[in-house]
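just the structure for this:
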Amino acid sequence: MSSSRRGLLAGSAAMAAGAMTGCALPAGASRAPQTPFTVAQATVPIVGSEQAFPVRRIYCIGRNYAAHAREMGSDPTREPPFFFQKPTDAIQVVTPGAVADHPYPPLTKNYHYEVELVVALGKGGRDIAQADALGLVYGYSLGLDMTRRDLQREMGDQKKPWEIGKSFDKSAPIGPIHPVAKVGHYTDGAIWLKVNGQTKQNATLKHMIWSVAEQISRLSQAFELMPGDIIYSGTPENVGPVVRGDLIEIHIDGLPNLSVRIV
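Numbering: from 1, shown residues only. The predicted structure is shown next:
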């Protein structure tokens, strides 16, 4: 057999094998596209598991404690809940029992803390009834909504979006996720924050204007919620500034304290 004939047969066999491989894919399936680089998936450890919680979106509710709404110049008796988002790379995982270094961000001279209950969703949906909303919750944690307050206010005064004040690198420190199957739901209990051992924020979860169930229900009217979404559920009054060297400690009853040092 000539070398040209052998090459033709080999090429035909290769094409047939490729066609058979393609036909072996399930109906409607497609191969994952090749990408020029890899983008890291933000995850948060799950307590009692080797798995990690994959973060899809970070929603934050504004002015959800009446006294905080007043200190920010708003009327909590009339204002419906509003939400903003942070990028997933705002996540900074903080290990209980350790002090994490938290970088003081650029461009600001008025860097504020806000302690919050964090809700992690394991299910999604649209137009979720309030009575069904807690069924979406996978677990809870506590975290910080760190804020470049001067930049937020500057943008607000100009009627411009204020992501630059809220949505920057590592602006969402968070502890491990505690599955609701093990800890239940958090509807009451103390929430506080200390700076250098001095109490700055001190309230209870019952002081929320909008409950976790109400927040989920409201959010689902505007967005299709998905597994992997997390919600920062608002902060009590007495937010304030920190500088390099300050030690922040946060607490919610039933969850381990977290600590970060501003560096």
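
Pro241: what secondary structure?
Put simply, Pro241 is strand when judged by DSSP: H, G, I helix; E, B strand; the rest coil.

what is the burial count for Glu214?
Close neighbours of Glu214, defined as other C-beta atoms under 10 Å, add up to 16. C-beta here means a position set from N, CA and C on the backbone, and glycine is covered the same way.

do the same with Gln221
Other residues within reach of Gln221, judged by other C-beta under 10 Å, total 9.

do the same with Leu107
Neighbourhood size, Leu107 [other C-beta under 10 Å]: 10.

helix or strand for it, which one?
If you go by DSSP states H and E, Leu107 is not part of any helix or strand.

residue contacts, it?
Residues counted as contacts of Leu107 (C-beta atoms under 8 Å, 6 or more residues apart in numbering) are 148, 151, 164.

once you drop chain neighbours, what's closest to the last one?
Looking back up the chat, that one is Ile164. In space, Ile164 comes closest to Leu151 once its chain neighbours are excluded; the distance is 5.0 Å by C-beta to C-beta, 6 or more residues apart in numbering.

would you confirm that that neighbour contacts Gly165?
Yes: Leu151 lies in contact with Gly165 (C-beta atoms under 8 Å); the separation is 4.2 Å.

low-scoring stretches of the stretch 51-200 of the chain, by residue?
Scanning the stretch 51-200 of the chain with the threshold set as pLDDT under 70 gives 67-78.

sorry, back to before: let me know the closest of the contacts of Leu107 to Phe83.
Nearest to Phe83, judged by C-beta to C-beta, of the contacts of Leu107 is Ile164 at 17.5 Å.

give me the helices and strands touching the helix or strand encompassing that closest one, please.
For Ile164, the host element (DSSP H and E) is helix 163-166. Helix 163-166 sits against strand 82-86, strand 147-148, helix 149-157, with contacts defined as 3 or more C-beta pairs under 8 Å, 6 or more residues apart in numbering; DSSP states H and E.

pick the most deeply packed of those.
Burial of the helices and strands packed on helix 163-166 is given as mean neighbour count (mean count of other C-beta atoms under 10 Å); strand 147-148 ranks first at a mean of 25.

what pairs with it, parallel or antiparallel?
strand 111-113 (antiparallel) (DSSP bridges).

list the contacts of the strand it pairs with.
104-105, 144, 146-149, 193, 195, 200-201, 239-243, 248, 262.

who are the packing partners of the helix or strand that comes right after that strand?
Using DSSP H and E, the helix or strand that follows strand 111-113 in sequence is strand 115-121. Applying 3+ C-beta pairs under 8 Å, 6+ apart, one finds that strand 115-121 makes contact with strand 137-144, strand 190-195, helix 212-222, strand 230-232, strand 247-252.

got TSV for the ones you listed, with distance to Asp169 too?
Listed next are these as TSV, based on distance: least, C-beta to C-beta, whole Å:
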stretch	distance to Asp169
strand 137-144	14
strand 190-195	21
helix 212-222	24
strand 230-232	16
strand 247-252	17
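
show me the one of those that comes nearest Ala98.
Of the helices and strands packed on strand 115-121, the one closest to Ala98 (C-beta to C-beta) turns out to be strand 247-252, at 12.0 Å.

tell me the secondary structure at Asp89.
Of the three states, Asp89 takes helix according to three-state DSSP.

how about the contacts made by it?
Contact partners of Asp89, counting by C-beta under 8 Å, 6+ apart, are 40, 42, 169.

filter the residues you listed to the buried ones?
The neighbour count (16 or more other C-beta atoms under 10 Å) marks Ala42 as buried among the contacts of Asp89.

with distance to Gly184 added, can I get the contacts of Asp89 in a markdown table?
Output for the contacts of Asp89, formatted as a markdown table (distance: C-beta to C-beta, whole Å):
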| residue | distance to Gly184 |
| --- | --- |
| Ala40 | 32 |
| Ala42 | 26 |
| Asp169 | 33 |
